[in-house]
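Student: everything below, folded, please.
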Amino acid sequence: MEISKYMNQIYENLSKGAFLTTKDEKVNTMTVSWGLIGIEWGTPVMTVMVRESRFTKDALDKNNEFTLTLPIPGEMAEELGFCGSKSGRDFDKIAECNLSLVNSDFIDTPIVYAKGLALECKVLYKEEINSANMCCAVKNKWYASNDFHTYYHAQIVNIKEL
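Tutor: As a prediction, this is how the structure comes out:
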């Protein structure tokens, strides 16, 4: 897998929104637009951030894998908006948005189908944000409600062009 071939596309598309999909008793997806891609521990890694309050976090903590679907910018804006504003506790977002799922090649969690890229990822390390180590400006702007993120550093085991 030649990750450098996809770095710019991942960077560009992520800021427009991506589906982070997990699977526990059911498949759930949420919208993310923050993340980091690079090399850690000698392997290609995608780092995503999930807030403590999110329904997705429990499934991610249990199965330690996720897919990340990065639609072509401008595509699926309505679906990304819904999946970023509604909770999987209250909605079956896959059904509500009429999303199609396709099988991953290397993990059990399916991929939300959209023209663009999909990453199959296995969590290597996770860490909760320690607010004591955070600058006040960031804390005040992004964490006024004290709903902090957990960072998930995950090995990219596959990239699919959809």
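
Student: mind listing the strands for this protein?
Tutor: Assignment of strands within the chain using DSSP state E yields the ranges 18-23, 27-32, 35-40, 43-51, 65-71, 101-102, 111-112, 116-128, 149-161.

Student: what strands flank the last one, and is each parallel or antiparallel?
Tutor: Sheet pairing here is set by DSSP bridges, and for strand 149-161 it gives strand 43-51 (antiparallel), strand 116-128 (antiparallel).

Student: leaving out the residues flanking it, which one is nearest to the residue nearest the centre of the chain?
Tutor: The geometric centre of the chain, computed from its C-alpha atoms, lies nearest to Leu20 (Cα atoms, centre = their mean), at 3.1 Å. If the residues on either side of it in the chain are set aside, Leu20 comes closest to Val32, at 4.7 Å by Cβ to Cβ, 6 or more residues apart in numbering. Every C-beta, even on glycine, is put in place using the N, C-alpha and C of the backbone.

Student: burial of the one you found, as a residue count?
Tutor: Other residues near Val32 come to 22 when the count uses other Cβ atoms under 10 Å.
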